[in-house]
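Colleague: starting from these lines, generate the structure:
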Amino acid sequence: ILSNSLKMKKVILGTAALLCGAVVFAQSNDSDVYQNGNSNSAAVTQVGAYNDSDVLQNGTENEANATQTGVSNESVIEQAGSQPFKVKRNLATIVQTGEDNVSFARSQDGEDNVITTTSVGNDNNAYVKQIGSRNGSMIDQLGDGNTARSTVTFSDDNSSIIYQTGDNNVAKTNQRYGPVRGLGGMNSSIVTVTGDLNENYTDQVGGMNNSYQTIEGDRNMVDVDQIGDLNTAVTNATKSGNSYFSDDNDITIYQEGNGNRMEARVKGGDNNDIDANHFGNGNLNRVGVNGDNNDVDIDTDGDQNKGDWSIADNSDGWQPSANGNILNVKVDGNQNTATGRIAGSNNTVDVDQFGNGNMVGTAWYKNDGVIIEGDGNSATIFQDGMGNTAFSEQIGDMNMSSSTQTGANHMSTVNQIGNNNSSVVTQSN
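Modeller: Purely as a prediction, here's the structure:
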């Protein structure tokens, strides 16, 4: 145990089953702890301003805890070893309360390690890096101007959770395999943000990865990239209660591979921008929007992909308001299915399919086709290929429907109920 009266404290310990504790209650303190061996424990507590704490552990089943209360604290915990997988079952925890805190924790080349960092205050920066498999990391920040980043490489079965509550936060999650360890995959990333002007980036490379993002507030940006097969990306932008809305959000989801699933939902918001991109076969995309002046773009390249959209679906209790929305769906491939429903006015729907055996309706899953209920809406369907099918239905006044099919063995069905509607169907070989 080190004396509290020292202005600078340094401990170097290299043995097994050691306990090290440093408690500091003065300003401008510095604490360095080094442990080499297995089953070591290090605890650093700093109360005051301008504190600095570094903990380095080399071995297995070590535990490190750093607690800082004050202003302008820095805390770095590194649990390191050498290949292959010499660092196992280590635990690192950093808790910071105050302003201008910086925390960094790294499990270098190992398995079954857990890192937890919590920042309460303003202008915090938390960074976690893990190399190996079955590692877990969680960053929880409450305050303003926070930055959180979790990086996992050479990875299988890892989990990263980032919670941020406040303003001007940035969260980045990177989970990917490396050329030494093989393909990797089955990683999970959960990002939950409550506040304004947040930015979330998730990058996953490998198979069977999961990304779940929930943002509550306005002017958020979400970017999810997944490369591999059987990945899942779910993004929700919402606020609780019918009187709250999520506006001006920018959501981009990119998936490259086969059998991937993408879902993007915006509940009760205006001026949102959603971009969904699929490259591969057998993928599923689902987009749900409730609000006005939203822009939705769905781009699919591959075969046997399917997707649906729902704009102003009030089945969950929201009022049916969806006006001035723009939906663009582009499909390049064979045997793809696209369908969706809109309830509102002055909406524009454009569905383009290039390939053979594509369908606008029926299934996935029988919405069915391009279905619009409201006034002054426009629905345009273009299909280029062989044996394509298109269904369009409009209920209301002053709606416009246009279906163009190029090739042979096509079928087009248009139903319009209301006044002053117009329909144009063009079929050519």
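
Colleague: for the stretch 301-429 of the chain, give me the ranges with low pLDDT.
Modeller: Scanning the stretch 301-429 of the chain for pLDDT under 70 picks out 313-321.

Colleague: how far away is residue 127 from residue 103?
Modeller: For residue 127, the distance to residue 103 equals 7 Å [Cβ to Cβ, to the nearest Å]. To be clear about C-beta, it is placed using only N, CA and C from the backbone, and glycine gets the same treatment.

Colleague: with just CA atoms, put stretch 364-381 into PDB.
Modeller: Taking Å, rounded to 0.1, in the frame of the first residue of the first chain, the C-alpha atoms of stretch 364-381 are listed here in PDB:
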ATOM      1  CA  TRP A 364     -42.900 -10.300 -49.100                       C
ATOM      2  CA  TYR A 365     -45.200 -10.400 -47.400                       C
ATOM      3  CA  LYS A 366     -48.400  -9.500 -49.300                       C
ATOM      4  CA  ASN A 367     -48.700  -5.800 -48.500                       C
ATOM      5  CA  ASP A 368     -49.300  -6.200 -51.600                       C
ATOM      6  CA  GLY A 369     -47.300  -4.500 -54.400                       C
ATOM      7  CA  VAL A 370     -47.200  -0.600 -54.300                       C
ATOM      8  CA  ILE A 371     -50.200   0.200 -52.100                       C
ATOM      9  CA  ILE A 372     -51.000   3.900 -51.400                       C
ATOM     10  CA  GLU A 373     -53.900   5.400 -49.500                       C
ATOM     11  CA  GLY A 374     -54.200   9.200 -49.700                       C
ATOM     12  CA  ASP A 375     -54.300  12.000 -52.200                       C
ATOM     13  CA  GLY A 376     -51.800  13.400 -54.800                       C
ATOM     14  CA  ASN A 377     -49.500  10.400 -54.600                       C
ATOM     15  CA  SER A 378     -47.300   9.100 -57.500                       C
ATOM     16  CA  ALA A 379     -46.300   5.500 -58.000                       C
ATOM     17  CA  THR A 380     -43.900   4.500 -60.800                       C
ATOM     18  CA  ILE A 381     -42.900   0.900 -61.600                       C
END
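
Colleague: neighbour-wise, which of residue 127 and residue 103 wins?
Modeller: A count of neighbours by other Cβ atoms under 10 Å puts residue 103 above the other of residue 127 and residue 103, at 26 against 18.

Colleague: just checking, what packs against the helix or strand where that one lies?
Modeller: Following DSSP states H and E, one finds residue 103 within strand 102-111. Counting contacts by 3 or more Cβ pairs under 8 Å, 6 or more residues apart in numbering; DSSP states H and E, strand 102-111 packs against strand 74-80, strand 87-88, strand 91-99, strand 114-122, strand 125-133.

Colleague: what's the residue closest to the geometric middle of the protein?
Modeller: The structure's the chain has its C-alpha centroid closest to residue 213; by Cα atoms, centre = their mean the separation is 4.3 Å.

Colleague: looking at it, it is touching residue 199, isn't it?
Modeller: No. Counting by Cβ atoms under 8 Å, residue 213 sits too far from residue 199 to count as a contact (11.4 Å).

Colleague: list the beta-bridge partners for the residue nearest to the centre of the chain.
Modeller: residue 191, residue 235 (DSSP bridges).

Colleague: that older thread, so what strands line up beside the strand holding residue 103?
Modeller: The pairing partners recorded for strand 102-111 under DSSP bridges are strand 74-80 (parallel), strand 87-88 (parallel), strand 125-133 (parallel).

Colleague: JSON lines please, covering the ones you listed and showing distance to residue 115.
Modeller: Shown next, in JSON lines, are the strands paired with strand 102-111 (distance: least, Cβ to Cβ, whole Å):
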{"stretch": "strand 74-80", "distance to residue 115": "8"}
{"stretch": "strand 87-88", "distance to residue 115": "12"}
{"stretch": "strand 125-133", "distance to residue 115": "5"}
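
Colleague: go through those and find the least confident stretch.
Modeller: Per-stretch mean pLDDT for those is lowest at strand 87-88 (a mean of 76).

Colleague: returning to what we had before: look up how far residue 162 lies from the residue nearest to the centre of the chain.
Modeller: From residue 213 over to residue 162 the distance is 10 Å, taken as Cβ to Cβ.

Colleague: what's the overlap in contacts for the two?
Modeller: Shared contacts of residue 213 and residue 162 (Cβ atoms under 8 Å, 6 or more residues apart in numbering): 190, 191, 192.

Colleague: ChimeraX command to pick out the buried ones of these?
Modeller: Buried members of these, defined by 16 or more other Cβ atoms under 10 Å, are picked up in ChimeraX with:
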select :190,191,192
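
Colleague: closest to residue 295 out of the shared contacts of residue 213 and residue 162?
Modeller: Relative to residue 295, the closest of the shared contacts of residue 213 and residue 162 is residue 191; by Cβ to Cβ it sits at 22.8 Å.

Colleague: is it correct that the closest one is in contact with residue 172?
Modeller: No. Between residue 191 and residue 172 there is no contact under Cβ under 8 Å: 9.4 Å.

Colleague: which residues are in contact with each of those two?
Modeller: By the contact definition Cβ under 8 Å, 6+ apart, residue 191 and residue 172 are jointly contacted by 200, 202.

Colleague: against residue 72, how distant is residue 324?
Modeller: 48 Å.

Colleague: repeat that for residue 293.
Modeller: As judged by Cβ to Cβ, residue 293 and residue 72 stand 44 Å apart.

Colleague: what of residue 294?
Modeller: Here the criterion is Cβ to Cβ. By it, residue 294 lies 43 Å from residue 72.

Colleague: neighbour count winner among the two?
Modeller: Each of residue 294 and residue 72 has its neighbours counted (other Cβ under 10 Å); residue 294 has more, 25 against 15.

Colleague: now the more buried one. Its backbone dihedrals?
Modeller: phi -90, psi 150 (degrees, to the nearest 10).

Colleague: and if you look at residue 274?
Modeller: phi -120, psi 120.

Colleague: look up which residues are beta-bridged to it.
Modeller: residue 251, residue 296.

Colleague: do the same with residue 52
Modeller: According to DSSP bridges, beta-bridge pairing links residue 52 with residue 30, residue 74.

Colleague: OK, contacts around it?
Modeller: Taking Cβ under 8 Å, 6+ apart, one finds 29, 30, 31, 73, 74, 75 in contact with residue 52.
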